[in-house]
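A.B. asks: only geometry, no sequence info:
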């Protein structure tokens, strides 16, 4: 055994040292970083991305090593309090409501906190932690996500710290599950299985999911699992699992029209029915006469009230202001238009693209979601994780670049009023658009070359 360890060390010494260095950087990120320190945040994030690239370059066929390294990087955050996002306070608050049998879609934190006999554990800490923006709105997290919050609150034992550990454990397990099914799906699509490490070792994913406790990874675990089931022709369980994905985060709803050509008319109707019934069953415990109204109003805020890390919208706003447009009116108008444009693009991709093959279908999903994020007024860094996941199953890699340069948007955290630096955002989007343009031109060139041959 000692001789085997010596041999392994000699063969993988550089990679082991790089992994140890990355682990040290993750520790610094988790326990010694204040989000207002943008220079430190930028330096650590850039270094971690470089180390991620080198580890994949050196060990892309050493699956056990990279899997172990990816899990260890996540475990570094196990007992850390999220330092880039305060959303977890609302997650725990909603979980406490579910644990107590209260409906998070019907009760405002601002109203509940005024009750003298409030039974929510650590209510004042959670209320103050979530901030005024969250506390004055009803919950916007879908029903399966709420059930997970309830489970986390139960496992957390009425402790914020315990709930953080429970939440983090769920997210890490989801990432491992995504790794398992993602690797299988890549093989079924005749793609290199090592591409899964662009998800599993990506610093944005480790920091924003495991570190800051966002549930995109849980959604994507179900999403990738469902697509894997489709790849082995098991459409019925795929529909059920796909509904689970929707009921963690709503984003997969965007892709439902695209399945029309993949299944054909009759089979797609059956698929939609199973998805719809499953979603309805998950909504049922929370349903009331006020549920739809409260939930739709809260979700609608993302289209008409919030701005962060926007690409196209910032350009339009800057131009519109030159013609005396009022920004607070512009975003409401813009927010009403973009959903319809996204639906139009979804229909174009549904009827004018050959989505009969799973690989082409995933490409259509990539383009639809890319359009949505390019045109959205709010693109939080963790939103891009879905694009990264789709990219590794296609021929395009621009989302991986975007997951690296999106760190520039964190500059807003260094200001008390969260004021963005439009120059940094311009660099971010310029890099993404240029690389995307390069990839499109290169792919088209290759296609034309093969046709001539």
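C.D. replies: Perfect, thanks for sending it. Model, not experiment: these values are computed from the prediction. Residues are numbered from 1 along each chain as shown.
A.B. asks: assign residue 79 to helix, strand or coil.
C.D. replies: The local conformation at residue 79, judged by DSSP: H, G, I helix; E, B strand; the rest coil, is coil.
A.B. asks: excluding chain neighbours, what is closest to it?
C.D. replies: Counting by CB to CB, 6 or more residues apart in numbering, residue 79 lies nearest to residue 165, which is 6.7 Å off, once chain neighbours are set aside. For the C-beta atoms, the positions are set from N, CA and C on the backbone; glycine is no exception.
A.B. asks: which ones are touching residue 136?
C.D. replies: Contact analysis of residue 136 by CB atoms under 8 Å, 6 or more residues apart in numbering lists 108, 109, 110.
A.B. asks: same question, residue 377
C.D. replies: 303, 306, 307, 308, 310, 313, 331, 334, 335, 338.
A.B. asks: surely the residue nearest to residue 79 is in contact with residue 152?
C.D. replies: No - using CB atoms under 8 Å as the test, residue 165 is too far from residue 152 to be in contact (9.2 Å).
A.B. asks: for residue 384, which residues are in contact?
C.D. replies: Each residue near residue 384 by CB under 8 Å, 6+ apart is listed here: 204, 373, 399, 402, 403, 406.
A.B. asks: mind showing which ranges of the stretch 251-400 of the chain have poor pLDDT?
C.D. replies: 300-305, 323-325, 327-328 (pLDDT under 70).
A.B. asks: hmm, try it at 80
C.D. replies: Where the stretch 251-400 of the chain drops to pLDDT under 80, the residues are 293, 295-307, 318, 320-332, 335.
A.B. asks: same thing with the stretch 1-150 of the chain?
C.D. replies: Within the stretch 1-150 of the chain, the stretches with pLDDT under 80 are 1-3, 10, 116.
A.B. asks: 70 instead?
C.D. replies: 1.
A.B. asks: that one: helices as residue ranges?
C.D. replies: Ranges of helices within the stretch 1-150 of the chain are 2-31, 38-59, 63-75, 87-99, 109-112, 123-135, 143-156, based on DSSP state H, counting those that start in this stretch.
A.B. asks: looking at those, which is closest to residue 358?
C.D. replies: helix 63-75 (23.0 Å; CB to CB).
A.B. asks: roughly how far is that closest one from the heart of the chain?
C.D. replies: Centroid separation between helix 63-75 and its chain, computed with CA atoms, centre = their mean, to the nearest Å, is 20 Å.
A.B. asks: ok, back up a step: closest to residue 421 out of the helices of the stretch 1-150 of the chain?
C.D. replies: For the helices of the stretch 1-150 of the chain, proximity to residue 421 was assessed by CB to CB; helix 38-59 is nearest, at 9.3 Å.
A.B. asks: for the closest one, packing partners?
C.D. replies: Counting contacts by 3 or more CB pairs under 8 Å, 6 or more residues apart in numbering; DSSP states H and E, helix 38-59 packs against helix 2-31, helix 63-75, helix 197-200, helix 203-205.
A.B. asks: residues of stretch 18-34 that come out buried?
C.D. replies: Residues 18, 19, 22, 23, 25, 26, 28, 29, 30, 33 are the ones in stretch 18-34 that count as buried (16 or more other CB atoms under 10 Å).
A.B. asks: same deal with stretch 124-143?
C.D. replies: Judged by neighbour count using 16+ other CB under 10 Å, the buried positions of stretch 124-143 are 126-127, 129-130, 134-135, 137-143.
A.B. asks: which outside residues touch stretch 24-31?
C.D. replies: 41, 44-45, 47-48, 51, 73, 76-77, 80, 83, 206-207, 211.
A.B. asks: now with 7 Å, please.
C.D. replies: Contact with stretch 24-31 is made by 44, 47, 48, 73, 76, 77, 80, 207, 211, as judged by CB atoms under 7 Å, 6 or more residues apart in numbering.
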